[in-house]
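Whatever this is, show me its structure:
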Amino acid sequence: MSIEENKAVVGRWFAEFWGKDFNPAVIDELAAPDIRFEYSLHAPLRGRDAVRAFAGKFRAAFPDLNFWGTADLIAEGDYVVGQWEGGGTHTGAPFDDMPLGSLPASTGKVMRFTGTTVLKVENGRITEEIGLDDGVTVLRQLGLVAEAGTTA
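As a prediction, this is how the structure comes out:
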């Protein structure tokens, strides 16, 4: 596929998987069956079923979850890189997929943060999504780690 076609796949993924109007069908449509999915704030995942379960759990905890691009996508070969910003309010289910601590149901805490994601697109399917997010900011916002000089 061309670089522009790969960018279109990633653009759709960002809108429908990470955007405010989540479309669960996009997982089967665009993710490879054995997709590698890794972010610094969450346990590494492998496969569509794991990604689907993660999305359901994340959105159940943060029903208004929404991420959007903050720069044009950059692509070379099979790789597409995107910068993003977003977050949500924890008004839903308990959430324990963080490297430190967990949240009971409906804390009302708001997270808003940025990151960069590198995706590999092969034959129109996303085979890898590897992201680096501002995890320290999120953990502070959610009260899972303390600001320097204070206690959590």
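
Run a quick neighbour tally on residue 110.
14 (other CB atoms under 10 Å). Heads up, the C-betas are built off the backbone N, CA and C, glycines and all.

residues touching it, list them.
Residue 110 makes contacts with 87-90, 141, as judged by CB atoms under 8 Å, 6 or more residues apart in numbering.

tell me which of those residues is nearest to residue 130?
residue 87 (19.9 Å; CB to CB).

roughly how far apart are the closest one and residue 8?
Distance of residue 87 to residue 8, computed by CB to CB, to the nearest Å: 26 Å.

out of the contacts of residue 110, which is most surrounded?
Within these, neighbour counts (other CB under 10 Å) peak at residue 90, which reaches 25 neighbours.

So that one sits against residue 112, correct?
No. Using CB atoms under 8 Å as the test, residue 90 is too far from residue 112 to be in contact (12.0 Å).

Can you pull up the most central residue in this structure?
Closest to where the C-alpha atoms of the chain average out (CA atoms, centre = their mean) is residue 18, at 6.2 Å.
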